[in-house]
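> Got a predicted structure here, sequence first:
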Amino acid sequence: MNIESNKNEDAMKLMMSQVRQKLEKIHVGGGKKAIEKQKEKNKLTARERIEYLRDSDKPFIEIGAFAGYEMYEEQGGCPAGGTVAGVGYVSGKQCVIVANDQTVKAGAWFPITGKKNLRMQEIAMENQLPIIYLVDSAGVFLPMQDEIFPDKEHFGRIFRNNARMSAMGIPQIAAVMGACVAGGAYLPIMSDETLMVEGNGSIFLAGPYLVKAAIGEDVDTETLGGAVTHTEISGIADYKFQSEQECLNEVKKLIAKIGAKENAGFDRIKSRAPQKNPQEIYGVMPTDPTKSYDMLEIIERIVDDSDFDQFKQDYGKSILCGYARIDGWAVGIVANQRKIVKSRRGEMQMGGVIYNDSADKGARFIMNCNQKNIPLVFLQDVTGFMVGSRSEHAGIIKDGAKMVNAVANSIVPKITIIVGNSYGAGNYAMCGKAYDPRFIYAWPSAKIAVMGGDQAAKTLLQIQVAGMKSKGQEVSAEEEKKLLNEIIDKYNKQTTPYYAAARLWVDAIIDPIETRQIISEGISAANHSKNNETMKLGVFQV
């Protein structure tokens with residue numbers, strides 16, 4: 001390792017340390033006092049429930065841990081969106097697990113809670129994975145009901161998805177371990193099987209206080225909607241248990257008996273470790289996001305045997321395309337080359353920029369992977385498409401549209417890793433969130449925005465200053481500098497991976513060293529879903 005690599009490694013380790021410190025705080029949920037209250041009721045926390053349920057010898061990929069990060073501060077915050085969720089294994093079967101965190105506002109649903117739960121259902125539907133709901137929620141967070149209740153992607157969509165998943169043959173199991181009230185009561189009842197814990201689990205459309213107010217009836221929680229009521233009188237629930245552990249043991253038994261379905265047929269052979277040390281990934285990414293580096297150095301530390309079979313190696317060099325294996329799975333990789341390269345005409349091309357020929361190459365490779373039923377992996381570090389008269393005259397918009405068309409119409413699973421910059425239309429062409437990647441993750445070094453911070457800040461400053469001058473205001477050099485710094489600070493905050501993960505633009509911020517395993521688990525999930533479609537392209541300019 002040279003001095004530059006050591007410097008890069010130290011910077012990445014520091015960023016990962018910051019991620020872990022933030023996660024430690026998030027993992028406490030609503031705080032130690034709220035956890036103590038759970039314990040007083042003989043209840044496990046959401047994370048403890050998942051740990052007890054899942055197979056400890058297999059990976060659990062948490063999704064949305066940063067959901068709600070630094071949002072809703074006036075309401076006291078919403079760590080992890082009030083829900084702990086991810087993809088893991090139960091009784092040897094890969095499953096989606098969603099657990100309400102009762103320590104966060106009694107498990108109430110904030111707008112981001114709804115978005116996160118819908119994302120988990122989307123993962124289950126796209127990948128045909130069984131989904132387990134560990135229910136303990138007070139329902140919609142009433143002070144924000146207008147942002148969670150009525151719209152298409154709001155709370156009610158959860159139950160629509162319950163119905164759709166049932167029709168798709170996706171097993172859904174709900175374990176009610178606490179409150180399940182109002183509209184939320186439909187979730188366990190629209191699942192295939194409902195389990196309840198006596199004394200703590202309850203299901204009703206209206207709780208005792210609302211019943212008293214509405215019809216004047218005095219009734220306690222257990223009589224109204226406890227485990228005995230619903231397993232012996234209403235018939236709504238299927239099983240009741242004395243403890244959460246007994247309940248979760250039954251969930252394991254139910255999952256163990258689920259039969260196998262025809263899979264997608266993605267090719268997998270015995271896994272081989274990369275020849276180049278994956279630990280060295282830390283030293284590849286420059287501390288300065290504008291600096292160039294060789295993306296091939298990252299790829300060779302992720303793929304089996306460090307073997308990357310490049311497609312059109314000497315054409316469209318600002319994008320690397322090629323075939324490889326990751327943990328035995330055959331994959332097609334599309335990656336931005338951040339090294340300054342020489343084009344076929346002898347011109348020097350900037351790293352991270354998509355040129356006409358690289359867009360054309362990327363589109364063709366994506367179509368090839370669809371033809372061969374090979375999942376796609378996108379490694380993003382892109383500043384956008386090349387601008388200027390030469391590129392415009394050469395039809396950069398047309399070539400970019402071809403690549404976007406191919407990404408949009410691709411039917412094989414797409415997994416996106418944002419390792420560095422993700423700017424403008426480059427985000428779209430490299431399968432950003434809007435293009436339905438099965439999973440999308442960010443390294444701590446990721447930056448997501450419509451353009452780079454300096455360009456954006458200067459553009460916004462010009463607009464703001466022009467507006468002030470048009471009103472007759474004089475703007476001094478000092479004021480301009482102050483405005484610029486304010487814009488840069490705000491813009492930089494909005495481009496961080498934390499800002500993106502808080503809003504679920506990415507599923508998680510991951511340790512670069514874990515990239516290989518996370519991609520493998522993503523393909524394993526996608527392999528459960530057989531797709532009988534063929535790729536079709538609409539009208540586009542050739």
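Received it, and whenever you're ready, just let me know what you need.

> quick one, phi psi at residue 291?
Backbone torsions of residue 291, given as degrees, to the nearest 10, read phi -80, psi 150.

> Against residue 205, how distant is it?
59 Å (C-beta to C-beta, to the nearest Å). (Glycine included, C-beta is placed from N, CA and C.)

> same thing with residue 46?
24 Å.

> Same check on residue 111?
22 Å.

> Show me which of these two is the more surrounded one.
Remark: of residue 111 and residue 205, residue 111 carries more neighbours, 24 against 14, as counted by other C-beta atoms under 10 Å.

> isn't the more buried one right up against residue 145?
No - Residue 111 lies out of contact with residue 145 (C-beta atoms under 8 Å); the separation is 9.9 Å.

> who touches the closest residue to residue 511 other than its chain neighbours in this structure?
Of all residues not flanking residue 511 in the chain, residue 16 sits nearest, at 5.7 Å (C-beta to C-beta, 6 or more residues apart in numbering). Residue 16 sits next to 444, 511, 512 when contact means C-beta atoms under 8 Å, 6 or more residues apart in numbering.

> And the host helix or strand of residue 16, what's buried?
Assigned by DSSP states H and E, residue 16 belongs to helix 3-27. Using 16 or more other C-beta atoms under 10 Å as the test for burial, helix 3-27 gives 5, 8, 9, 11, 12, 15, 16, 19, 22, 26.

> Name the residues of the helix or strand where residue 250 lies that are buried.
Using DSSP H and E, residue 250 falls within helix 244-256. Going by neighbour count (16+ other C-beta under 10 Å), the buried part of helix 244-256 is 244, 247, 248, 250, 251, 252, 254, 255.

> Send over that helix as CSV, restricted to the C-alpha atoms.
The C-alpha trace of helix 244-256 is given here as CSV (Å, rounded to 0.1, in the frame of the first residue of the first chain):
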residue,chain,number,x,y,z
GLU,A,244,-43.4,-14.4,22.9
GLN,A,245,-40.8,-17.2,22.7
GLU,A,246,-43.5,-19.9,22.3
CYS,A,247,-45.2,-17.7,19.7
LEU,A,248,-41.9,-17.2,17.7
ASN,A,249,-41.1,-20.9,17.9
GLU,A,250,-44.5,-21.6,16.2
VAL,A,251,-43.6,-19.1,13.5
LYS,A,252,-40.4,-21.1,12.9
LYS,A,253,-42.4,-24.3,12.5
LEU,A,254,-44.8,-22.7,10.1
ILE,A,255,-42.0,-21.3,7.9
ALA,A,256,-40.1,-24.7,7.9
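
> quick one: contacts for the residue lying closest to residue 310 once chain neighbours are set aside?
Closest residue to residue 310 apart from its sequence neighbours, by C-beta to C-beta, 6+ apart: residue 322 at 4.1 Å. Counting by C-beta under 8 Å, 6+ apart, residue 322 makes contact with 308, 309, 310, 311, 313, 332, 333.

> Counting neighbours, what do you get for the fourth one?
Think residue 311. Residue 311: 21 neighbours (other C-beta under 10 Å).

> Wait, it touches residue 361, no?
Yes - counting by C-beta under 8 Å, residue 311 does reach residue 361; the two are 7.4 Å apart.

> so what sits against both of these two?
Common neighbours of residue 311 and residue 361 (C-beta under 8 Å, 6+ apart) are residue 321.

> Show me the shaky parts of the chain.
The chain contains residues with pLDDT under 70 at 1, 343-347, 393, 452-454, 456-457, 540-542.

> residue closest to the middle of it?
residue 507 (1.5 Å; C-alpha atoms, centre = their mean).

> how about the residue nearest to that residue when sequence neighbours are not counted, what does it touch?
Distances taken as C-beta to C-beta, 6+ apart put residue 63 closest to residue 507, at 4.8 Å, once the chain neighbours are dropped. Residue 63 makes contact with 85, 86, 87, 116, 119, 120, 123, 507, 508, according to C-beta under 8 Å, 6+ apart.

> swap in residue 307?
When contacts are counted by C-beta under 8 Å, 6+ apart, residue 307 touches 324, 325.

> The residue sitting furthest away from the middle of the chain in helix, strand or coil?
Distance from the C-alpha centroid of the chain peaks at residue 472, with 47.3 Å (C-alpha atoms, centre = their mean). Using DSSP: H, G, I helix; E, B strand; the rest coil, the structure places residue 472 in coil.

> That one and residue 57, how far apart?
Taken as C-beta to C-beta, the span from residue 472 to residue 57 is 71 Å.

> again, but for residue 140
38 Å.

> who's more crowded, these two?
More neighbours surround residue 140 than the other of residue 140 and residue 57, with 23 against 7 (other C-beta under 10 Å).

> What are the phi and psi values at that one?
Torsion angles, degrees, to the nearest 10, at residue 140: phi -60, psi 140.

> Residue 505 now?
Dihedral pair for residue 505: phi -70, psi -30, per degrees, to the nearest 10.

> Could you tell me how many residues sit around the residue nearest to it when sequence neighbours are not counted?
Nearest residue to residue 505, sequence neighbours excluded (C-beta to C-beta, 6+ apart): residue 433, at 5.1 Å. The local packing of residue 433 (other C-beta under 10 Å) involves 19 other residues.

> List the contacts of residue 433.
440, 505, 506.

> got a markdown table for those residues, with distance to residue 455 and neighbour count too?
Below are the contacts of residue 433 laid out as a markdown table (distance: C-beta to C-beta, whole Å; neighbours: other C-beta atoms under 10 Å):
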| residue | distance to residue 455 | neighbour count |
| --- | --- | --- |
| 440 | 24 | 24 |
| 505 | 20 | 18 |
| 506 | 23 | 28 |
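
> can I get those residues in TSV with distance to residue 522?
TSV is the format used below for the contacts of residue 433 (distance: C-beta to C-beta, whole Å):
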residue	distance to residue 522
440	10
505	17
506	13
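
> List just the nearest of the residues you listed to residue 535.
Closest to residue 535 out of the contacts of residue 433 is residue 440 (20.5 Å), distances taken as C-beta to C-beta.

> Quick check: the closest one is in a strand.
Yes - checked against three-state DSSP, residue 440 lies within a strand.

> Correct me if wrong: it contacts residue 422.
No - the pair residue 440 / residue 422 is not scored as a contact, 10.0 Å apart, by C-beta under 8 Å.

> Return every residue with contacts to both of the two.
Residues touching both residue 440 and residue 422 (C-beta under 8 Å, 6+ apart): residue 432.

> how close does the residue nearest to residue 511 get to residue 245?
Separation of residue 16 from residue 245 (C-beta to C-beta): 34 Å.

> got it, and residue 394?
Residue 394 is 65 Å from residue 245, by C-beta to C-beta.

> Ok, residue 103 next?
Distance from residue 103 to residue 245, by C-beta to C-beta: 19 Å.

> before we move on, what about residue 350?
Counting by C-beta to C-beta - residue 350 and residue 245 are separated by 58 Å.

> Residue 325 too?
According to C-beta to C-beta, residue 325 and residue 245 sit 40 Å apart.

> try residue 136
Distance from residue 136 to residue 245, by C-beta to C-beta: 15 Å.
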